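Q: Okay, predicted coordinates and the sequence, questions at the end:
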Amino acid sequence: MNKHNEIRVDAASKISGIERYTKDLRIKNALVAGTVRSSRAHARITSISFDEKFDWSKVTILSAKEMHNNFVAIIKNDMPYLAENEVNYVGEPILLIAAENETMLIEAKKHIEIKYKELVASTTLKVAVDRNRAEDLFEEILLENGEVDEVFKSADTIVEDIFETGFQEHVYLEPQVVVAIPDGNTIHIKGSMQCPYYVQNAMNELFMGTEVKVDVTQIMTGGAFGGKEDFPSLICGHVALLAKKTGRPIILSYNREEDIQFTTKRHPSKIHAKAAMSSDGKILGLDMDILLDSGAYATLSPVVLARAVLTSFGCYKIPNVRIHGRAVKTNITPSGAFRGFGGPQSLFAIEMLFEKVAETLKIPVWQIKKSNMLSLGDKLPTGQPIDYSYGLPQCVEKVLKSSDYEKKYNELKKYNENESAQTGILKGIGISLAAHGCGFTGVGENRIKAIAEMELLSGGKVLVKTANTEMGQGVDTAYKIIISKKLHLPFNDIIIEEKNTSKVPNSGPTVASRSTMIVGKLLLDNCEQILDALSLNHFEFSLQDFKKAAKEYFKNHDKLVVQKEYKHPNFIKFDENTYKGYGYPVYSWSANVAEIEIELTSYQVEVKKFYTAHDVGKAINKQQSEGQVQGGIVQGIGYAVYEALCIKDGEVQNRGFRDYIIPTIQDIPEMHVDIVEDAYFNGPYGAKALGELPFVGAAPAVASAVSFAIGKTATKIPLTPEVIATLIENNNYEH
Ligand code: MTE
Ligand code: MOS
């Protein structure tokens, strides 16, 4: 058994197809649910009529009027389960229908007519910003450090531009699906989700003051990427309400079309960034204005913006900064969590700002990035010192070497000057440095007080109780490795409890790449507690010793359940008003090099090679870590060049994979992945967060390579052929 390359515990069941997802549950007597949605971006509902030609006794209808507490509990509680008088985006749920089958559902929908009175809508970020209304500001953050105005007055050169990133759809393999099963006064909710306790909390609020009790179980989830972080709370409310009304099990499953149009997306961003530079290429000051398009309701926007602000200075030492961030309401499908959570937007801006600086000062971009990069002991603009677990310099060395960067940089510069290149294929090589703050932002982890629990079972097995969910990232395997190493138990003796809120404690959501670093560490502490109880903690012991000690223990006791609650080390503090202190307890780092080609008749960007080095503290499972890196990069390539969501009058135009293009196997470049392990003292075996970082650095590396190829900074993603054409032919885009 190779300790660093374990076969995933979910591999066989998934590859063979025997894994059971929510749609595979055979639920007797279930009704199917459907949603009647707004066709307007912003309007008052003036009437809803039910055609008499349809036999309404065959279906059950639910409207906002019958509801008790009509808000989805997230951060601001501003989003209703069902719109009552006013709709705020195309696709907003207005009515729910439960029917015996899909055919009847479709038939019923055809016989409902909703009339509206149109209201002024902000269907683009620009319109919303121009309207400048206080009520459209979901969140505003200001982070200042040093003397920004002074330094801009005295700088040798000022470089500025506007950087834009687009919407992105999660495209998890399994669309949204949840079920509710009534059982006396209890409703059991099951489904595809990241955070059973988020749903539990939302249901507690929804049924507050009634007799209804709810428990929530995560069923094996076919990918999530943040898309099943906040959104399931809405649809679980829908099925729970219908289950309560009909007394029958309800299944709600979105098809791909519905999923693409009406579930959350990555926040588009528009970032105005300005750098004050010395003549020798040192950055003296950064002034950045970040706008995130939040869509119609706040969902997680305040925390997404917080991460955007705290990622905006990238991996650089910048003595003077002013970062102003705003999350703005528009009349579009709400934006939500997506791998990177605000980080990819602002990291794109800072990386491309450095690209522009390099272009302006005529210094190779890798030199300018390297010479401004943080050194061990430097401080971030928040005042947080980077004085432990800083593996970025090592990542940069590795990636420059693996890609043979300098040599190729010079070769490709020459190649692009050829006439054949100018009319045939342009080539480029680009570089990005990326950081991802590990776990929740600021005081988040202290606030949620994650709990993990472990129980010693007779026979010397252990039962592991956390709320952290498997969604393809491999958390179940990571936990088994962490525990197995400590207790010397084989995987079969480590049993992972069902992720059911009546069986596992609240160890926090499966987000912010926190499961291994934060909850994995709690499990390691649980192991210590068990070893203490078995008096094994200070000895070398074998599996046999462990089993024997367990047997002895149960002679005198009937139970051993240990619990541990998470708290940051004391020096990790953050001030939410000034944004000073430790934004995160530690950061994971990456350096990335992309090689691309642009074919000049189609203007299609093709990513040919991708080299990356990631500092993850410690790879709990080497192969799985590389898998996360590869997957994140492919998703980042999609974000950079292919994925374009088209919105017209507030309505998402894309309907499926014909018009929402994601990378296929043919678009995946040759990849070289290095893992760097600069241990974090408070992670299990030194591990830090890994799940999101690979995504964050990918798009800027690709855009940097595109900038190289076309000889000017690419300020906007996705770099679709249309955008590339405009860039090459017109010099600039319209912002
Ligand atoms: N990998 C797979 N295969 N599927 C996913 O849904 N989600 C990503 C990342 N990697 C995801 C994934 C996101 S958004 C997060 S926050 C982390 O996994 C969460 O898991 P972790 O805490 O175990 O890193
Ligand atoms: Mo990940 S966006 O934090 O679910």
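A: Good, I have the coordinates. Ligands and ions are numbered 1, 2, ... in the order given.
Q: Contact distance from ligand 1 - what residues of the protein qualify?
A: For the chain, the residues in contact with ligand 1 (CB under 6 Å from any ligand atom) are 223-226, 339, 471-473, 475, 510-516, 628, 631, 691-692. Using the backbone N, CA and C atoms, a C-beta is placed for each residue, glycine as well.
Q: Touching, D287 and E147? I think so.
A: No - judged on CB atoms under 8 Å, D287 makes no contact with E147 at a distance of 11.7 Å.
Q: and those two? which has more neighbours close in?
A: A direct count of neighbours by other CB atoms under 10 Å for D287 and E147 places D287 higher, at 21 against 14.
Q: does that one belong to a helix or a strand, and which?
A: Assigned by DSSP states H and E, D287 falls within strand 283-295.
Q: Model confidence for the residue of the stretch 301-450 of the chain found nearest ligand 2, exactly?
A: Nearest residue of the stretch 301-450 of the chain to ligand 2: A337, at 4.0 Å (CB to the nearest ligand atom). Looking at A337, its pLDDT reads 98.
Q: got any ranges where this protein has weak pLDDT?
A: Under the criterion pLDDT under 70, the flagged ranges of the chain are 1-4, 731-735.
Q: contacting residues around the most centrally placed residue in the chain?
A: Taking CA atoms, centre = their mean as the criterion, R339 is the residue nearest the geometric centre of the chain, at 2.2 Å. By CB atoms under 8 Å, 6 or more residues apart in numbering, R339 lies in contact with 225-226, 632, 635, 691-692, 695.
Q: tell me the two of those that are most distant?
A: Spatially, the most separated pair among these is G226 and G632, at 12.2 Å (CB to CB).
Q: Next to ligand 2, which bits of this structure? Give me the list.
A: Proximity of the chain to ligand 2, by CB under 6 Å from any ligand atom, involves residues 194, 226, 229, 337-339, 341, 511-512, 692.
Q: how does it look with 8 Å?
A: 194, 224-229, 337-341, 509-514, 691-692 (CB under 8 Å from any ligand atom).
Q: hmm, which of these are the buried ones?
A: 194, 224-229, 337-341, 509-514, 691-692 (16 or more other CB atoms under 10 Å).
Q: helix, strand or coil for the closest residue to ligand 2 within the chain?
A: Residue of the chain nearest ligand 2, by CB to the nearest ligand atom: G226 (2.8 Å). Secondary structure, DSSP: H, G, I helix; E, B strand; the rest coil: G226 is coil.
Q: which ones are touching H111?
A: Contacts of H111 by CB under 8 Å, 6+ apart are 50-51, 53-54.
Q: mind checking how far the residue of the chain closest to ligand 2 is from M193?
A: To M193, G226 is 12 Å away according to CB to CB, to the nearest Å.
Q: Which of the residues in stretch 639-655 are classified as buried?
A: Per 16+ other CB under 10 Å, stretch 639-655 contains these buried residues: 639-645, 647, 650-652, 654.
Q: could you dump that stretch to PDB, C-alpha only?
A: Provided in PDB are the C-alpha atoms of stretch 639-655 (Å, rounded to 0.1, in the frame of the first residue of the first chain):
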ATOM      1  CA  TYR A 639     -13.500  30.300 -18.100                       C
ATOM      2  CA  ALA A 640     -10.600  31.900 -20.000                       C
ATOM      3  CA  VAL A 641     -11.600  31.000 -23.600                       C
ATOM      4  CA  TYR A 642     -14.800  29.100 -24.100                       C
ATOM      5  CA  GLU A 643     -17.600  29.800 -21.600                       C
ATOM      6  CA  ALA A 644     -19.700  32.700 -22.700                       C
ATOM      7  CA  LEU A 645     -23.100  33.100 -21.100                       C
ATOM      8  CA  CYS A 646     -25.300  35.300 -23.200                       C
ATOM      9  CA  ILE A 647     -27.900  37.500 -21.500                       C
ATOM     10  CA  LYS A 648     -30.600  39.400 -23.400                       C
ATOM     11  CA  ASP A 649     -33.000  41.700 -21.700                       C
ATOM     12  CA  GLY A 650     -32.200  39.800 -18.500                       C
ATOM     13  CA  GLU A 651     -32.800  36.400 -19.900                       C
ATOM     14  CA  VAL A 652     -30.100  33.700 -20.100                       C
ATOM     15  CA  GLN A 653     -30.100  32.700 -23.800                       C
ATOM     16  CA  ASN A 654     -28.000  29.500 -23.400                       C
ATOM     17  CA  ARG A 655     -29.900  26.300 -23.300                       C
END
